[in-house]
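> Need coordinates for the below:
(chains A, B, C and D)
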There are 2 protein chains.
Amino acid sequence: MMRGDLRGALRVTKALADAQRIRILMMLERGEFCVCQIVEVLGLAPSTVSKHLSILAAADLVVSRKDGRWAYYRRPDSDPSAGPRAPLDWLNRTLQDDPQIRADRKKLAAVVARRPEELCRKQRMMA
Amino acid sequence: MMRGDLRGALRVTKALADAQRIRILMMLERGEFCVCQIVEVLGLAPSTVSKHLSILAAADLVVSRKDGRWAYYRRPDSDPSAGPRAPLDWLNRTLQDDPQIRADRKKLAAVVARRPEELCRKQRMMA
DNA sequence: ATTATACTTCGCCAAATGGCCACATATACA
DNA sequence: TGTATATGTGGCCATTTGGCGAAGTATAAT
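Now for the predicted structure:
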């Protein structure tokens, strides 16, 4: 993208200025996940998570991939020089030992052990 | 400070998620300035600028120094490894050619040429 | 073809944010 | 001491933001 103007930078910093979105980004350091998996870890409504993901995507902090009914999100596998790699690395370093992030990682491990269908079914039951 | 938790990181990212505060930080890359000088460049009410500065200070992105009636703000002259140096460097790189930031730099040059008293006097006249 | 399902978009509401003015505080100068 | 002045704080208001549920969309399964 390479915008390089204040508006573009603000899109990034505003995207980073929310706890749930930071949690999502830290998740995605571990790999590529579908929306229902992210929903399960965050404990928010799917519509809410979807909106967060669209904000992150608009800032080029994540990219999406459709596969059947599922939508997978991951960190862009792009050049480390350009793009907002620097603030993300900083977050990574800073939050390595944060209790919330550690808890998310633990929950993530349990989540990836299941098939996505089960997650979605469970989430429908709760709602 | 070295907080290292999500709350501390959010204080930083939220502080960076505002155009005026980014403009202030870019100004302070050029040196140390008093509130009335920042007011003059941004074109906002002194109370507004003061609040922005307190948000930046709470995130350890600026430090203040009192000298008589004047309060001077600057970037913390601290270790480059710890602290939120990384996102700031990224902003610096990204916004180098932004028109708003360039305009601010130009205005800043005119502002530093005057004595602070004149600026404050002028600002009182306008209000 | 119809139904089920994974996700997104829309509409709404409560809370947070950014702006200003008015006032409070603190320092300097007469 | 008293007054002027540079900055900080509190109250108020308009806008933005984050959350949810309901409805919409698109793909898969029956």
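
> Spell out which residues belonging to chain A are near chain B, please.
A:4-6, A:8-10, A:13-14, A:16-19, A:22, A:84, A:86-87, A:89-91, A:93-101 (C-beta under 8 Å from any C-beta of the partner chain). To be clear about C-beta, it is placed using only N, CA and C from the backbone, and glycine gets the same treatment.

> Which ones among the residues you listed lie within helices?
A:6, A:8-10, A:13-14, A:16, A:19, A:22, A:86-87, A:89-91, A:93-94, A:99-101 (DSSP state H).

> What subset of those is buried?
A:6, A:8-10, A:13-14, A:16, A:22, A:86-87, A:90-91, A:94, A:101 (16 or more other C-beta atoms under 10 Å in any protein chain shown).

> least confident pick among those?
Least confident of these in the model: A:Ala86, at 90.

> mind listing what the nearest residue to that residue once chain neighbours are set aside touches?
Using C-beta to C-beta, 6 or more residues apart in numbering or on different chains and skipping residues adjacent in sequence, the residue nearest A:Ala86 is B:Trp90, 3.7 Å away. Going by C-beta atoms under 8 Å, 6 or more residues apart in numbering or on different chains, B:Trp90 touches A:Pro84, A:Ala86, A:Pro87.

> Report the contact partners of the closest residue to A:Asp5 other than its chain neighbours.
Spatial nearest neighbour of A:Asp5, chain neighbours left out: B:Asp98 (4.9 Å); criterion: C-beta to C-beta, 6+ apart. Contact partners of B:Asp98, counting by C-beta under 8 Å, 6+ apart, are A:Gly4, A:Asp5, A:Leu6, A:Ala9.

> With adjacent residues omitted, what lies nearest to the first one?
Counting by C-beta to C-beta, 6+ apart, B:Thr94 is the residue found nearest to A:Gly4 once chain neighbours are left out, at 5.6 Å.

> Thank you kindly, that will do.
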